[in-house]
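> Build me a structure from this.
(2 chains)
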Amino acid sequence: MDFAWTESEQAYRAELVSLLEQQLPPDWWDAYAYDGPAGPELMVHARRFNAELAQRNLVVRHWPRAYGGQEASAWSQIILSEEMWSNGEPRSSLYLGANWAGPAIMKFGTEAQKQRYLRPIADGKLLWCQGFSEPEAGTDLANMKTRAEPDADGYVINGSKVWTSYASRADIMFLLARVGGSGKGGVSCFILPVNSPGMEVRPIPAIHSPHDFNEVFFTDVRVPADALLGEPGKGWDIVTTILHYERIGAARYEFSRRTLDRVVAHLKQRGLFDDPTVQAELATALAATEAARLLTYVVIDGRAKERPPGPDTYVARYAMVQADHAVANIASTYLSDLLTEQGDGMLRSHFTSAITAGIAAGAAEVQLNMISGRYLGLPRGA
Amino acid sequence: MDLELTSDQRAIHDAIVQMVSNHMDVPRSGATLKPVEYCYADQLDRDLAEGEFFSLALTEGCGALEAALLVYETGRSPLVLETAGAAFIGPLLTGRDLPRPVAVARLEDLTRAVRFLDRARTLIVDLGDDVAVLSTDGLAVEPIHSMFAYPLGRLMTLPDFTAAERLGAAAVPRLRRLWRVGLALETAAALQAAVDFTTAYVKDRLVFGRPVGSYQAVQHRLSADIQRVRAVYWLALKAAWSGGDQDAALAALYAQQAITPINYDTHQFNGALGMTLEHTLHFWTFRLRLLQGEMGGARTQAAATVAATWAGA
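This is a model prediction of the structure:
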């Protein structure tokens, strides 16, 4: 057992840190990243930033060489995520492609689909969004109703998605639509351009951001047959694979950890740091971030050893949510003025991200359901 | 990074688990447990000693992590055995095996209640500005009876520390670091055992015609509890591995804070049966209640965490 990073992993992190120092402008938090990775300024900047990442082969180092990677271990992915997410995720939604859409295509896609999508991800050219949730199917994803009807040329999609991050500025969508059947049985995965005729994206202003959420409407959106990933009606296996990657794909604990340092700096400036009550809260939040880190590392360790994903993922995700909230609560308790538009962009970005953590990637209560069934083996309810 | 045990560590771990599994039986009267405060694992102690497991920390090719495995695995038994002081804190603090059991205490607690003191052959004391290591021979120790499932004792009078072995001021942070890791390991073990025991119980116990564990109100709390338990385990092992002040403080803090919700939940889910001495649960949960306040409790660990993290920031 060894908790140390290897020399090559340390060098990789150093390379990322150096790149971030070079590429992120001095007013990064306040002018770009304050609104999270779906903010308009950040998404524009991400196009340039991702090109720089790709030029240095840093986008998908953990992928096979055949698809633009360098066959680095799964640890390199979490190092990348730690450095990016804690800096406001300057890749924007490229990370969706690198973290789970790409691996899903690798596992379930045709050779033509691999050729079409994987290299552009490695080249940092595709900003993704995920068309999963619907008005009646958020946590209960298998209840989704958007349909893809087969026709002579492929499929015709009708329905709507909601709370879709990045959709207004993304290039491409990973869509769940129903082909046949109900429940999990009919779920199918499609990949299609966001500007496909018949798709309409409407922003939904939200308390945490004016730019994150969108509604996406599909009116007779025609896609070719090869927009389907895997077999029709058999997309649930793909979804469960994706969700394992997505749940811990963003290294939220690292952002919380670094935000805590910023919180401490502000508390010291205000003369609040020496208060024992404040210190107890800081220590508790720090313990939560480090707990989430180690529980995430347990999952990554399994991935590095090519073990199938297991229930440790849900445990790690739940811990991440707790850590995010622990840090955000300190910020809102003692530094609420810095969470305003005139405040500190980093604290604001972390806070708005944290308050959605328990809902995104499956509600925290769903994680508890999964832990209950798959980790503890408790019997299902009536 | 590699979070799997090496083959050598796995062999040591498996050998310990095998030995512990041979000594899980608590005294019974027919089908039910005898109503006892605690059961000391004397035979397990002898078996582990024969295999030289108490010396793992100082054995060539082994170290703190291997000793940590011993503390953790023995702590999962309903029988109680002193390993944190004898196998982890003592050897790593002094560089030698000490006569065991080893009791570890702060000066101010010596005349109150100290875990293992009524059986201890060595006493390590945090004097605040120094560390004393002394034999318990000749000390006036009064056994203390309690519900806390540990052997406890207190000194009737404070000894003459000037005559004791003194390790110097530099040993104080070292002792506290090791003590915190030992505390986290013991806590992790008891928490895991309590949750495992409760999980098994709620799968079988029916209420309103359904297993207790089929109710979401129960499932969510046990699921949150197992997240806490696994976090304590990994924080403790990392702290044993790194030997760092921050890791040790974080592990002890998270461990002591996890005790309140898990103790509450496990007892709630075991119902009135969990309060009886014929049920095994209390052997872990009441140990946990004592561990919760050790070294000053979470308040002290929080202060240590902040000092180790942001003192110079």
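> Please name the nearest non-neighbouring residue to the one residue in the stretch 51-200 of chain B that gets nearest to chain A.
Going by C-beta to the nearest C-beta, chain A is nearest to B:Thr199 of the stretch 51-200 of chain B, at 5.2 Å. The way it works is simple: take the backbone N, C-alpha and C, and place the C-beta from them, glycine included. Nearest non-adjacent residue to B:Thr199, counting by C-beta to C-beta, 6 or more residues apart in numbering or on different chains: A:Leu376, 5.2 Å away.
> Likewise for A:Leu94?
A:Asn50 (5.1 Å).
> For that neighbour, give its distance to A:Asn214.
Distance, A:Asn50 to A:Asn214, by C-beta to C-beta, to the nearest Å: 21 Å.
> Just checking: what are the partner strands of the helix or strand hosting B:Arg154?
Using DSSP states H and E, B:Arg154 maps to strand B:152-155. In the sheet, strand B:152-155 lines up against strand B:114-115 (antiparallel), strand B:141-144 (antiparallel) (DSSP bridges).
> need these in a markdown table with mean neighbour count, can you?
As requested, those are exported to a markdown table (neighbours: other C-beta atoms under 10 Å in any protein chain shown):
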| stretch | mean neighbour count |
| --- | --- |
| strand B:114-115 | 26 |
| strand B:141-144 | 15 |
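> Of these, which is nearest B:Gly209?
Nearest of those to B:Gly209, taken as C-beta to C-beta: strand B:114-115 at 43.3 Å.
> Please work out which residues outside that closest one touch it.
B:Glu82, B:Ala103, B:Val104, B:Ala105, B:Tyr150, B:Pro151, B:Leu152, B:Gly153, B:Arg154, B:Leu155, B:Leu290, B:Glu294 (C-beta atoms under 8 Å, 6 or more residues apart in numbering or on different chains).
> Dig out what the second one forms beta bridges with.
I take that to be B:Ala103. Applying DSSP bridges, one finds that B:Ala103 bridges with B:Leu123.
> one step back: with distance to A:Pro90 and mean pLDDT as added columns, please give the strands paired with strand B:152-155 in a markdown table.
Below are those laid out as a markdown table (distance: least, C-beta to C-beta, whole Å; pLDDT from 0 to 100):
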| stretch | distance to A:Pro90 | mean pLDDT |
| --- | --- | --- |
| strand B:114-115 | 51 | 98 |
| strand B:141-144 | 60 | 97 |
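> same for the lengthiest helix in chain A, what does it pack against?
The longest helix of chain A (DSSP state H) is helix A:276-304. For helix A:276-304, the packing partners by 3 or more C-beta pairs under 8 Å, 6 or more residues apart in numbering or on different chains; DSSP states H and E come out as helix A:74-85, helix A:252-269, helix A:312-334, helix B:216-242, helix B:245-270, helix B:297-310.
> other SSEs contacting the shortest one?
Right, helix A:74-85. Right, helix A:74-85 is packed against helix A:7-23, helix A:94-96, helix A:252-269, helix A:276-304 by 3+ C-beta pairs under 8 Å, 6+ apart.
> can you do 10 Å?
If you count contacts as 3 or more C-beta pairs under 10 Å, 6 or more residues apart in numbering or on different chains; DSSP states H and E, helix A:74-85 packs onto helix A:7-23, helix A:40-55, helix A:94-96, helix A:252-269, helix A:276-304.
> Which of the ones you listed sits closest to A:Asn369?
Nearest of the helices and strands packed on helix A:74-85 (C-beta to C-beta): helix A:276-304, 17.7 Å.
> relative orientation of that closest one and helix B:245-270 in degrees?
Computed by axes from the mean of the first three to the mean of the last three C-alpha atoms, to 10 degrees, the angle separating helix A:276-304 from helix B:245-270 equals 90 degrees.
> can you pull the pLDDT of the spatially most central residue of chain A?
The centroid of chain A falls nearest to A:Ala250 when counting by C-alpha atoms, centre = their mean (5.0 Å). Note on A:Ala250: pLDDT of 93.
> ditto for A:Gln113
Note on A:Gln113: pLDDT of 97.
> check which helix or strand covers the closest residue to it other than its chain neighbours.
Using C-beta to C-beta, 6+ apart and skipping the chain neighbours, the partner closest in space to A:Gln113 is A:Ile105 (5.7 Å). Assigned by DSSP H and E, A:Ile105 falls within helix A:102-108.
> So which residues of the stretch 101-250 of chain A form helices?
Using DSSP state H, counting those that start in this stretch, the helices found in the stretch 101-250 of chain A span residues A:102-108, A:111-122, A:236-247.
> Tabulate those helices (a markdown table), appending distance to A:Pro25 and mean neighbour count.
Shown next, in a markdown table, are these (distance: least, C-beta to C-beta, whole Å; neighbours: other C-beta atoms under 10 Å in any protein chain shown):
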| stretch | distance to A:Pro25 | mean neighbour count |
| --- | --- | --- |
| helix A:102-108 | 28 | 21 |
| helix A:111-122 | 25 | 17 |
| helix A:236-247 | 29 | 20 |
